[in-house]
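Novice: After the sequence you'll find the predicted model.
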Amino acid sequence: MTAIVEVEHLKKTYDSGFEALKGIDLTIEQGEILALLGPNGAGKTTLISAVCGITAPTDGKVRVGGHDIQDDWRAARKLIGLVPQEINLEPFELVMNTVRFSRGLFGRPRNDALIEKILRDLSLWDKKDSRINALSGGMKRRVLIAKALSHEPRVLFLDEPTAGVDVELRRDMWRIVETLRADGVTIILTTHYIEEAEAIADRIGIISGGQLLLVEEKAALMKRLAKKELRIDLQSPVDHIPETLSAFDLRRADDGRALIYTYDTTGERTGITRLLGAVQAAGLTLADIRTSQSSLEEIFVDIVKDGGK
Ligand SMILES: Nc1ncnc2c1ncn2[C@@H]1O[C@H](COP(=O)(O)OP(=O)(O)OP(=O)(O)O)[C@@H](O)[C@H]1O
């Protein structure tokens with residue numbers, strides 16, 4: 001594995017005195033998709049801005065492809081594509097020119113074949129001669145991505161790429177991200193849609209209050225933190241949990257028509273066999289049983305609430 005983005009002890013205190021980043025350490029491997037989740041104001045945009053060299057950090061280091069973002073800005077920035085949260089396009093410019101011009105800004109030679117491919121991949125080819133102000137909001141977002149890709153970056157930052165876009169465009173974006181990943185592009189995205197992180201990320205980072213609470217492989221995170229529940233529907237309701245079942249983590253649901261058992265998925269034993277035996281021994285008759293697992297969303301809410309503990 002090769003690290004493409006290295007962030008060391010990054011701090012940012014705004015002029016107002018507000019400490020938006022409180023010492024972030026993060027290494028991003030080439031070719032991975034990292035989703036940064038966090039509540040509003042957590043510091044996601046500040047982190048991306050500092051990594052991209054748009055915001056000067058108060059302390060700490062950032063290297064992209066081995067280049068220091070402060071000391072060797074030009075070389076580092078050339079490797080980065082940034083899709084900002086805000087739509088910052090020139091309203092009267094044509095789509096084609098917008099994207100072509102952006103490539104030129106990075107000192108890349110004109111390459112109309114590449115620009116055509118990017119526009120086609122983003123379903124923008126038939127809009128190439130349209131003015132930006134004639135596009136819908138979703139199309140403008142696509143233009144932002146086309147712009148960010150025009151100089152062939154190796155690392156793409158997507159700051160809430162799907163905020164406020166419809167489901168169809170969101171799925172289109174996921175497809176585009178997959179294509180880019182296949183080309184070896186590293187992708188870092190911030191999102192409020194946990195479903196999005198669950199669908200496309202290899203690793204998940206959770207930021208809250210300017211601190212990175214955790215960064216972990218998505219699958220490992222879900223395995224480690226997802227709680228499982230077993231729901232036991234009873235033939236006759238109970239008004240309390242029998243004394244003989246008090247050793248189990250049980251609660252009543254549906255006015256006693258069901259018992260919910262919460263268990264740890266990482267434990268060697270789930271305790272289910274013992275529980276079912278004890279339920280029968282307590283004279284209760286089962287109508288049905290089913291299990292469910294907590295989603296990434298529930299895990300996220302728990303982590304942010306507990307501050308990563
Ligand atoms: N230029 C600035 N001056 C002072 N404070 C700022 C500035 N920019 C951001 N902040 C503050 O820093 C904190 C982090 O903001 P940031 O935009 O990084 O959060 P975020 O995680 O991207 O939030 P959101 O999900 O709402 O986009 C917020 O409290 C914000 O008010």
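Specialist: In hand now; what should we look at?
Novice: do you know how far the residue lying closest to A282 once chain neighbours are set aside is from I272?
Specialist: Leaving aside its sequence neighbours, A282 sits nearest to P242 (CB to CB, 6 or more residues apart in numbering; 4.3 Å). Just so you know, the C-beta spots here come from the backbone N, C-alpha and C atoms, and that holds for glycine as well. As for P242, its distance to I272 is 17 Å (criterion: CB to CB, to the nearest Å).
Novice: quick revisit: what number of residues are in the vicinity of the residue nearest to A282?
Specialist: For P242, the count of nearby residues is 15 (other CB atoms under 10 Å).
Novice: what's in contact with the longest helix seen in the chain?
Specialist: Looking across the chain with DSSP state H, the single longest helix is helix 167-182. With contact meaning CB atoms under 8 Å, 6 or more residues apart in numbering, helix 167-182 is reached by 31, 33, 121-123, 138, 141-142, 145, 149, 156, 158, 161-162, 165, 187, 189, 193, 196, 199-200.
Novice: What's the first helix or strand after that helix?
Specialist: strand 186-191 (DSSP states H and E).
Novice: Please save the CA atoms from that next one in CSV.
Specialist: What follows is strand 186-191 as a C-alpha-only set of coordinates in CSV (Å, rounded to 0.1, in the frame of the first residue of the first chain):
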residue,chain,number,x,y,z
THR,A,186,-8.2,8.0,-4.7
ILE,A,187,-11.5,9.5,-3.5
ILE,A,188,-12.3,11.3,-0.3
LEU,A,189,-15.8,12.4,0.1
THR,A,190,-17.8,14.1,2.9
THR,A,191,-21.4,13.3,3.2
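Novice: Now do it: which elements does it pack against?
Specialist: strand 3-13, strand 19-29, strand 33-37, helix 44-51, strand 155-159, helix 167-182, helix 194-200 (3 or more CB pairs under 8 Å, 6 or more residues apart in numbering; DSSP states H and E).
Novice: How about the second one and the ligand, any contact?
Specialist: Put plainly, it is strand 19-29. Yes: using CB under 6 Å from any ligand atom, we find that strand 19-29 touches the ligand at A20.
Novice: So for that strand, what gets flagged as buried?
Specialist: Within strand 19-29, the residues scored as buried using 16 or more other CB atoms under 10 Å are A20, L21, I24, L26, I28.
Novice: Make a markdown table out of these and add distance to A50 and pLDDT.
Specialist: Formatted as a markdown table, the buried residues of strand 19-29 follow (distance: CB to CB, whole Å; pLDDT from 0 to 100):
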| residue | distance to A50 | pLDDT |
| --- | --- | --- |
| A20 | 9 | 96 |
| L21 | 7 | 96 |
| I24 | 9 | 96 |
| L26 | 11 | 97 |
| I28 | 14 | 96 |
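Novice: Mind listing the residues bridging to D264?
Specialist: D264 has the following beta-bridge partners by DSSP bridges: K227.
Novice: and it, how many neighbours does it have?
Specialist: Using other CB under 10 Å, D264 is surrounded by 14 other residues.
Novice: Quick check: it touching K227?
Specialist: Yes: under the criterion of CB atoms under 8 Å, D264 is in contact with K227, at a separation of 7.2 Å.
Novice: relative to strand 186-191, how tilted is the longest helix of the chain?
Specialist: 150 degrees (axes from the mean of the first three to the mean of the last three CA atoms, to 10 degrees).
Novice: related to what we said a few turns ago, could the helices and strands packed on strand 186-191 go into a markdown table alongside distance to I87?
Specialist: Shown next, in a markdown table, are the helices and strands packed on strand 186-191 (distance: least, CB to CB, whole Å):
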| stretch | distance to I87 |
| --- | --- |
| strand 3-13 | 24 |
| strand 19-29 | 23 |
| strand 33-37 | 21 |
| helix 44-51 | 15 |
| strand 155-159 | 12 |
| helix 167-182 | 14 |
| helix 194-200 | 19 |
